[in-house]
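Colleague: What follows is a predicted structure for the sequence shown.
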Amino acid sequence: MHTFLANHELADIEAKVTAGERLSREDGIRLYRSPDLLFIGYLANLVRTRKNGNKTYFNVNRHINHTNVCKNLCQLCAFGRKAEDPGAYTLSLDEVEAKARECHGLKISEIHIVGGLNPELKLDYYLAMLRRVRTAAPNAAIKAFTAVEIDYLATLHNMSLTDVIKALREAGLDSLPGGGAEIFAQRVRDIICSQKISARRWLEVHAAAHGLGMKTNATMLYGHVETIEERIDHLIQLRLLQDRTGGFLAFIPLAFHPRNTALADHNLSLTTGFDDLKTLAIARLMLDNFDHIKAYWVMLGPKIAQVALHFGADDLDGTVVEEKIVHEAGAATAQMMAKSRLINLIKSAGKEPVERDTLYNVIEEGF
Ligand code: V47
């Protein structure tokens, strides 16, 4: 058997990875405690290559954030506003439709819609929005509404999660994005998002979507007050749900940006490149039943996102267009990336760019 270093402190984990065996909670914690980033990256790259070869997926997408008015106002978030605050906004259906219409000419294959929990907006607004976007951009899949928004609608209208998701799907919804998961440990949620739904409810929403055959994504917000153990426990809970349903498409680690949030004075700094790459790599190793690990350049910066393609990530998201959530929290990245630049980042990392749709069907390759 080929080994990187036979007497390495992580040699037993390497043996498990090469044999395709599942890593334990303890293995995950040991990986985090090890400073040997290159070794961890090497292991993650083995798995990445086994699952996706040399391909790196990307999609041509755009974001629409229909409102920043939110009743939760999570401590981690710089985007949400009270209705009466300066800068609070809610897009009219005409405005949302106009943004979707722009996508048609731009060959955008996915529209990512999320917003705050605005008490003025009821299910009829969401259904009308989906119908209008579907008509305005018939070739784009609609990935919309985090588990937090789905729960909000179900509670507001006293409906089951399944009935809400069914109604949204009939109006045009294709999949759910992975936001709102944060860190599942309640200790952490009490500090960073005390008003948000519990971990259990987040997982219930995704299970309900999967039960209807709808695919979803999963995220983890890291780099604030969580411990390494809480990160690994988060990954293990996702892995358990994926064992049950198989409904997750991709996992996206989200690097916390403290500026303009209520956590800004907790003495938190931006995540380091070292932690970003280690987290991506450990996610790739722990989430053995996820096909895709996404590097989100908006939060990582394009340079770390590119290097991440050798540390377990096989997907580089995306053209994006008009990202607001992390830019309100001080992200220094641009608000969009041209398709040609994404392709260049992937090719110059020695990987093969593959343009994909929401479900990872190939739209174009051989760039
Ligand atoms: O839910 C909020 C996070 C998420 C901050 O599914 C913050 O394909 C960092 O979920 N610093 C929204 N992060 C983004 C998201 C996402 C992004 C790209 C692709 C997909 C996908 C999903 O961003 C929120 C929250 O977890 N967030 N505030 C902040 N200050």
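Modeller: Cool, got the structure.

Colleague: Look up the pLDDT of Ser269 for me, please.
Modeller: Note for Ser269: predicted pLDDT of 86.

Colleague: Now do the helix-or-strand element of the chain with minimal mean pLDDT: which elements does it pack against?
Modeller: For the chain, counting by mean pLDDT, DSSP states H and E, helix 93-105 ranks last in confidence among helices and strands (a mean of 90). Helix 93-105 sits against strand 61-64, strand 110-113, helix 123-136, with contacts defined as 3 or more CB pairs under 8 Å, 6 or more residues apart in numbering; DSSP states H and E. Just so you know, the C-beta spots here come from the backbone N, C-alpha and C atoms, and that holds for glycine as well.

Colleague: Give me the distance from it to the chain's centre.
Modeller: 23 Å (CA atoms, centre = their mean, to the nearest Å).

Colleague: can you dump the C-alpha coordinates of it into CSV?
Modeller: Extracted in CSV, the C-alpha atoms of helix 93-105 (Å, rounded to 0.1, in the frame of the first residue of the first chain):
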residue,chain,number,x,y,z
LEU,A,93,-42.7,41.1,-7.3
ASP,A,94,-42.0,43.3,-10.4
GLU,A,95,-38.5,44.0,-9.2
VAL,A,96,-37.8,40.3,-8.5
GLU,A,97,-39.1,39.5,-12.0
ALA,A,98,-36.9,42.1,-13.6
LYS,A,99,-33.8,40.6,-12.0
ALA,A,100,-34.8,37.1,-13.1
ARG,A,101,-35.5,38.4,-16.6
GLU,A,102,-31.8,39.6,-16.9
CYS,A,103,-30.8,35.9,-16.4
HIS,A,104,-32.4,34.7,-19.6
GLY,A,105,-30.0,36.5,-21.9
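
Colleague: If you count neighbours, what's buried in it?
Modeller: Using 16 or more other CB atoms under 10 Å as the test for burial, helix 93-105 gives Val96, Glu97, Lys99, Ala100, Cys103.

Colleague: List the contacts of the last one.
Modeller: Counting by CB atoms under 8 Å, 6 or more residues apart in numbering, Cys103 makes contact with Arg62, Ile111, Ala136, Ala137, Ala140.

Colleague: repeat that with 10 Å
Modeller: Counting by CB atoms under 10 Å, 6 or more residues apart in numbering, Cys103 makes contact with 60-62, 64, 109-111, 133, 136-137, 139-140, 321.

Colleague: what's the answer for the first one, then?
Modeller: Taking CB under 10 Å, 6+ apart as the definition of contact, the neighbours of Val96 are 64-67, 111, 113, 115, 125, 128-130, 132-133, 136.

Colleague: returning to that earlier point: and the least confident helix or strand of the chain with helix 123-136, angle?
Modeller: Put simply, helix 93-105 runs at 30 degrees to helix 123-136, going by axes from the mean of the first three to the mean of the last three CA atoms, to 10 degrees.

Colleague: State the number of residues packed around the closest residue to the ligand within the stretch 251-367 of the chain.
Modeller: Taking CB to the nearest ligand atom, the ligand has its nearest neighbour within the stretch 251-367 of the chain at Ala329, 3.2 Å off. Residues lying near Ala329 (other CB atoms under 10 Å) number 20.

Colleague: same check, this time on the one 4 residues further on
Modeller: Other residues near Thr333 number 18, with proximity taken as other CB under 10 Å.

Colleague: And for Ala281?
Modeller: Ala281: 28 neighbours (other CB under 10 Å).

Colleague: List the residues that contact it.
Modeller: 31, 37-45, 47-48, 293, 308, 310-313.

Colleague: what's the spacing between the residue lying closest to it once chain neighbours are set aside and the ligand?
Modeller: Distances taken as CB to CB, 6 or more residues apart in numbering place Ala44 nearest to Ala281, at 3.6 Å, with adjacent residues excluded. From Ala44 across to the ligand, the span is 20 Å (CB to the nearest ligand atom, to the nearest Å).

Colleague: cool, Ala19 as well?
Modeller: Counting by CB to the nearest ligand atom - Ala19 and the ligand are separated by 31 Å.

Colleague: which of the contacts of Cys103 come close to the ligand?
Modeller: Among the contacts of Cys103, no residue lies close to the ligand (CB under 6 Å from any ligand atom).

Colleague: Quick one: buried ones out of those residues?
Modeller: Of the contacts of Cys103, these count as buried by 16+ other CB under 10 Å: Val60, Asn61, Arg62, Ile64, Ser109, Glu110, Ile111, Val133, Ala136, Ala137, Ala140, Val321.

Colleague: Looks like the third one contacts Ile108 (just checking).
Modeller: Yes. Counting by CB atoms under 10 Å, Arg62 sits close enough to Ile108 to count as a contact (5.4 Å).

Colleague: Residues in contact with both of these two, list them for me.
Modeller: Common neighbours of Arg62 and Ile108 (CB under 10 Å, 6+ apart) are Ala100, Glu102, Ala137, Ala140, Gly318, Thr319, Val321.

Colleague: what's the closest of those residues to Val362?
Modeller: Ranked by distance to Val362 (CB to CB), the shared contacts of Arg62 and Ile108 are led by Gly318 at 15.4 Å.

Colleague: So stretch 231-243, near the ligand or not?
Modeller: No. Stretch 231-243 lies out of reach of the ligand by CB under 6 Å from any ligand atom, never closer than 11.9 Å.
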